[in-house]
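Participant: Here is a sequence with its predicted model. Questions after.
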Amino acid sequence: MTVEVKILYHLIDAQQPDVPYLNWLCDLYQSVPEFLKYVLLSILQTFSESCDSCQLKDQVKLMLVSYPLKPTKINIDADEQKIYQVRLSKLCKNFIQTMTMSHSLLERLSQPRIHQQLHHQPVGNSIIIPEKLMSGEAAFLSVSKSTSYKPIIFDCTSFPDQEIDDKIAGSIKSRVRSGIIEISMSEKHVELSGLIKKIFFYWLVAHHMNDTTSPVWLTCYYDNYSRTMQPYIDNCLTLDDCKVEPMARLKLPPERIKYCFNQPSAVVLQTDDLLVLLDEFLALIAD
């Protein structure tokens, strides 16, 4: 965010905008250039939440659903020349194997699939269908269940770097597992707090049970995204609080994000979800 935009936020906030003013911003939104739509919509989303106009709230919701989301694909994989990133990746993955996964996240990702098949002979706990047997068709119905996993979209567009650092700093004070300390000692170029953040992203991706599709990492004010099983360059996934106002964090409806990536069954994890998972992760790595 530019200095000018920050000034705009503070001016609007100081004026305590009323419903007519916000309605004027809604009208203005339709005619501004694309690069200003994000700013105006984030302002409207922030202030409409506390107003008592249902009509205004419905209009803002409609604008959020129709927001022109056209992110550009970026690469947050490791640079082949940076051998230490590949080495650190292996160490982090090995450590993740010693951790338990989040039951709440696995529950959101897993979905039962029911398979039904007719056979000419009894199979397992199959049931007979007399009408089909009389007609000479396969008449023994076998029903089985399996578990499949939904794709994940990590919406990191407003993941607050400062809040993450504060949470991690608190966990370091209460000591972390020895395995993390050992990795930190062996990788001199990596700070402990940065290492914990990196392991957290590895832990998140370890819940992705489908090796044929990579999770989507959505970054940078919905401008960029990456598909990778693990982002080596994890600093793309957090926002520096020194550079962004809290009300500048636009939160799009998950349905809008799913539609953009043509993944209607995907689980979209946004800032609130990620912060809860961070708390769970920090509890797991406590010594």
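Facilitator: In hand now; what should we look at?

Participant: all strands of the stretch 1-150 of the chain, in order?
Facilitator: 72-73, 110-119, 127-128, 140-149 (DSSP state E, counting those that start in this stretch).

Participant: Highest mean neighbour count out of the ones you listed?
Facilitator: The highest mean neighbour count among the strands of the stretch 1-150 of the chain, using mean count of other C-beta atoms under 10 Å, belongs to strand 140-149: a mean of 13. C-beta coordinates here come from the backbone N, C-alpha and C atoms, glycine included.

Participant: So which other helices or strands are in contact with it?
Facilitator: Under the contact criterion of 3 or more C-beta pairs under 8 Å, 6 or more residues apart in numbering; DSSP states H and E, strand 140-149 touches strand 110-119, strand 127-128.

Participant: what's the least confident stretch among the ones you listed?
Facilitator: Note on those: lowest mean pLDDT is at strand 110-119, with a mean of 85.

Participant: Partner strands of that one, with direction?
Facilitator: strand 140-149 (antiparallel) (DSSP bridges).

Participant: quick one on the thing from earlier: adding distance to S186, write the strands of the stretch 1-150 of the chain out as JSON lines.
Facilitator: Listed next are these as JSON lines, based on distance: least, C-beta to C-beta, whole Å:
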{"stretch": "strand 72-73", "distance to S186": "33"}
{"stretch": "strand 110-119", "distance to S186": "35"}
{"stretch": "strand 127-128", "distance to S186": "59"}
{"stretch": "strand 140-149", "distance to S186": "33"}
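
Participant: looking at those, which is closest to T157?
Facilitator: strand 72-73 (13.4 Å; C-beta to C-beta).

Participant: S171 against I196, yeah?
Facilitator: Yes - with contact defined as C-beta atoms under 8 Å, S171 and I196 form a contacting pair (7.1 Å).

Participant: Look at these two and report which has more neighbours.
Facilitator: Using other C-beta atoms under 10 Å as the criterion, S171 and I196 rank with I196 on top: 25 against 20.

Participant: Would you mind checking which helix or strand in this structure has the lowest mean pLDDT?
Facilitator: Least confident element among the helices and strands of the chain, by mean pLDDT, DSSP states H and E: helix 3-15 (a mean of 74).

Participant: Report all helices and strands that that one contacts.
Facilitator: helix 34-48.

Participant: re the thing from before, a markdown table for the helices and strands packed on strand 140-149, including distance to E280?
Facilitator: Below are the helices and strands packed on strand 140-149 laid out as a markdown table (distance: least, C-beta to C-beta, whole Å):
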| stretch | distance to E280 |
| --- | --- |
| strand 110-119 | 17 |
| strand 127-128 | 42 |
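
Participant: out of those strands, which comes closest to A266?
Facilitator: strand 110-119 (11.7 Å).

Participant: Is it correct that F281 falls within a strand?
Facilitator: No - assigned with DSSP: H, G, I helix; E, B strand; the rest coil, F281 falls outside any strand and is helix.

Participant: Kindly tell me how buried the closest residue to it other than its chain neighbours is, as a neighbour count.
Facilitator: Distances taken as C-beta to C-beta, 6 or more residues apart in numbering put F200 closest to F281, at 5.2 Å, once the chain neighbours are dropped. For F200, the count of nearby residues is 23 (other C-beta under 10 Å).

Participant: What separation do you get for F200 and A266?
Facilitator: 21 Å (C-beta to C-beta, to the nearest Å).

Participant: from the middle of its chain, how far away would stretch 150-167 be?
Facilitator: 7 Å (C-alpha atoms, centre = their mean, to the nearest Å).

Participant: any idea of the mean pLDDT for that stretch?
Facilitator: Here the average pLDDT along stretch 150-167 is 92.

Participant: Between S171 and I196, which contacts overlap?
Facilitator: L282, I285 (C-beta atoms under 8 Å, 6 or more residues apart in numbering).

Participant: Sketch out the low-pLDDT regions of the stretch 151-287 of the chain for me.
Facilitator: 241-248 (pLDDT under 70).

Participant: can you pull out the strands in it?
Facilitator: Counting by DSSP E, counting those that start in this stretch, the strands of the stretch 151-287 of the chain are 152-155, 216-219, 224-227, 267-269.

Participant: List of residues touching the first one?
Facilitator: With contacts defined as C-beta under 8 Å, 6+ apart, strand 152-155 is touched by 109, 204, 207-208, 215-218, 237, 252, 254, 257-258, 261, 263, 266-271, 274.
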